[in-house]
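In: Below: sequence and its predicted model.
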Amino acid sequence: MLKDRGQEVSELTLISALNAIRRNDPERGLAQAREVLDEASNNPTDLLLLGRMSVLARKLRDADRPLKRALELAPGSPDAWLSYIQLLALTNRKDQAAKLVVEAGKRLSAELGPVVQARAYELLGDQTAAGKAYQIALDRQPNSPGVLCPAAEFFARTYQNDKAIPILERCVDPVFAAADPLRAWARRTLASCLMSTRNSAARTRAFKLLEINRREQPESIEDVRAQAILTSMVPGKCAETIRLFSELETRRGLDPREEILLIEQLDRMGLWDQVEPRLQKLVAADPSDPGVLAQYVDRLIRRQRVQDAARWLGVLEKREPAALRTIVLKQL
């Protein structure tokens with residue numbers, strides 16, 4: 001268990017440790033973590049947490065011992081298997097990881113095994129094997145939310161809508177017994193799948209699904225995000241998209257992908273005075289991101305800011321000299 005320093009103090013220390021790691025101070029973060037997590041512990045939960053924090057801090061060697069020991073202590077834990085398999089994949093020990101995936105299928109229950117194997121194959125980048133494992137899991141447990149959710153998410157993420165949509169339809173069916181958060185998630189995911197079909201009736205239904213969510217959970221940030229992204233895909237909806245992304249920004253800020261989508265809508269509305277500072281902020285945050293650089297250079301060229309465009313195009317060329325978007329921008 002957490003070292004005997006008081007649960008509340010231990011939790012605050014771990015929060016501080018995680019924040020330090022996220023602020024690019026891994027040494028300080030791990031030092032704080034070790035104040036409350038003992039590598040010599042026989043508690044697999046503590047060891048898993050210490051190992052995962054080491055992975056987050058990119059201290060992969062430090063993660064090996066606690067994660068391996070956690071698996072030895074808790075061979076029935078899916079998290080223990082997946083955490084160690086992920087570490088093996090990250091440290092280029094994929095052959096060892098593949099053997100461990102097979103072993104997980106043997107050691108875990110018939111219900112847990114296929115789902116854990118599917119997620120493990122995803123970690124190894126083997127989408128085909130992951131899909132087969134998810135299908136086995138679905139055949140064995142067609143009514144289990146613990147199977148339906150990760151399987152639907154996988155098939156949706158890998159653009160296999162023909163497999164994702166039937167699973168999600170089952171989850172949103174009022175007859176199906178599901179907790180409200182699961183049903184809301186299923187509506188959002190189904191809406192995204194339906195929008196990608198480019199069928200007008202399917203797209204109309206996608207927005208109706210999100211309307212149900214927003215009516216039932218008006219404070220849901222995830223539904224605001226989903227509605228903003230889907231609305232950005234509809235021609236002539238720039239103003240509405242901007243309103244939704246602005247609401248999302250006010251409530252929890254925007255990640256880089258959301259910021260780009262908002263920038264595209266502002267650009268279409270001709271609001272360059274709002275586009276440029278947002279692009280500058282993104283470039284300043286990560287000047288090595290070629291996608292953001294290309295967006296910035298393209299808009300500078302269109303605004304006839306030749307000198308600025310040339311300077312940032314030079315940065316882009318160093319990152320992606322042979323990329324098609326770099327070549328195209330050089331010709332403009």
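Out: Cool, got the structure.

In: roughly how far is stretch 154-165 from the heart of the chain?
Out: Computed by CA atoms, centre = their mean, to the nearest Å, the chain-centroid distance of stretch 154-165 equals 16 Å.

In: How about Arg65: what's its closest non-neighbour residue?
Out: Glu39 (6.5 Å; CB to CB, 6 or more residues apart in numbering). (Each C-beta comes from the backbone N, C-alpha and C, glycine too.)

In: so where does the one you found fall, helix or strand?
Out: Assessed by DSSP states H and E, Glu39 sits outside every helix and strand.

In: quick one: contacts for it?
Out: Each residue near Glu39 by CB atoms under 8 Å, 6 or more residues apart in numbering is listed here: Leu47, Leu50, Arg65, Pro66.

In: Let's see that with 10 Å instead.
Out: Applying CB atoms under 10 Å, 6 or more residues apart in numbering to Glu39 gives the contacts Asp46, Leu47, Leu50, Gly51, Ser54, Asp62, Arg65, Pro66, Arg69.

In: farthest-separated two in the residues you listed?
Out: By the measure CB to CB, Asp46 and Asp62 form the most distant pair in the contacts of Glu39, at 14.5 Å.

In: related to what we said a few turns ago, gap between the residue nearest to Arg65 and Leu50?
Out: Computed as CB to CB, to the nearest Å, the Glu39 to Leu50 distance reads 6 Å.

In: where do the contact lists of those two overlap?
Out: Asp62, Arg65, Pro66, Arg69.

In: quick one: which helix or strand includes Val292?
Out: Per DSSP H and E: helix 290-302 holds Val292.

In: still on that earlier bit, please produce a ChimeraX select command covering the buried subset of the shared contacts of Glu39 and Leu50.
Out: Burial among the shared contacts of Glu39 and Leu50 is assessed by 16 or more other CB atoms under 10 Å; the matching ChimeraX selection reads:
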select :62,66,69
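
In: would you list the shared contacts of Glu39 and Leu50 in TSV and tack on distance to Ile21, secondary structure and pLDDT?
Out: As requested, the shared contacts of Glu39 and Leu50 are exported to TSV (distance: CB to CB, whole Å; DSSP: H, G, I helix; E, B strand; the rest coil; pLDDT from 0 to 100):
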residue	distance to Ile21	secondary structure	pLDDT
Asp62	12	helix	94
Arg65	18	helix	96
Pro66	15	helix	95
Arg69	21	helix	96
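
In: Which member of the shared contacts of Glu39 and Leu50 is positioned nearest Glu264?
Out: Out of the shared contacts of Glu39 and Leu50, the member with the shortest distance to Glu264 (by CB to CB) is Asp62, at 41.6 Å.

In: Provide the count of other residues in contact range of the residue lying closest to the closest one once chain neighbours are set aside.
Out: Spatial nearest neighbour of Asp62, chain neighbours left out: Ser54 (4.2 Å); criterion: CB to CB, 6+ apart. Using other CB atoms under 10 Å, Ser54 has 26 other residues around it.

In: For Ser54, give me its contacts.
Out: Ser54 makes contacts with 21, 26, 29-30, 33-34, 39, 60-67, 87, as judged by CB under 10 Å, 6+ apart.

In: Of the residues you listed, just say which sits nearest to Pro78.
Out: Nearest member of those to Pro78, counting by CB to CB, is Leu67, at 13.6 Å.

In: in this protein, what spans have low per-residue confidence?
Out: Low-confidence segments of the chain, defined by pLDDT under 70: 1-9.

In: Any idea which residue is closest to the centre of it?
Out: Against the mean C-alpha coordinate of the chain, by CA atoms, centre = their mean, the closest residue is Arg157 at 10.2 Å.

In: List the residues that contact it.
Out: Glu122, Gln127, Ala164, Thr189, Ser192.

In: ok, these vs Pro150, which is closest?
Out: Glu122 (9.2 Å).

In: what about that closest one, distance to Lys163?
Out: Taken as CB to CB, the span from Glu122 to Lys163 is 15 Å.

In: go on, Pro145?
Out: 17 Å.

In: Strands along the stretch 151-300 of the chain, start to end?
Out: Counting by DSSP state E, counting those that start in this stretch, the stretch 151-300 of the chain forms no strands at all.

In: how about the helices in it?
Out: 161-172, 180-195, 200-216, 221-231, 238-252, 256-268, 272-285, 290-302 (DSSP state H, counting those that start in this stretch).

In: Columns distance to Leu73 on top of those, output as CSV?
Out: Output for these, formatted as CSV (distance: least, CB to CB, whole Å):
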stretch, distance to Leu73
helix 161-172, 34
helix 180-195, 31
helix 200-216, 41
helix 221-231, 35
helix 238-252, 37
helix 256-268, 39
helix 272-285, 41
helix 290-302, 43
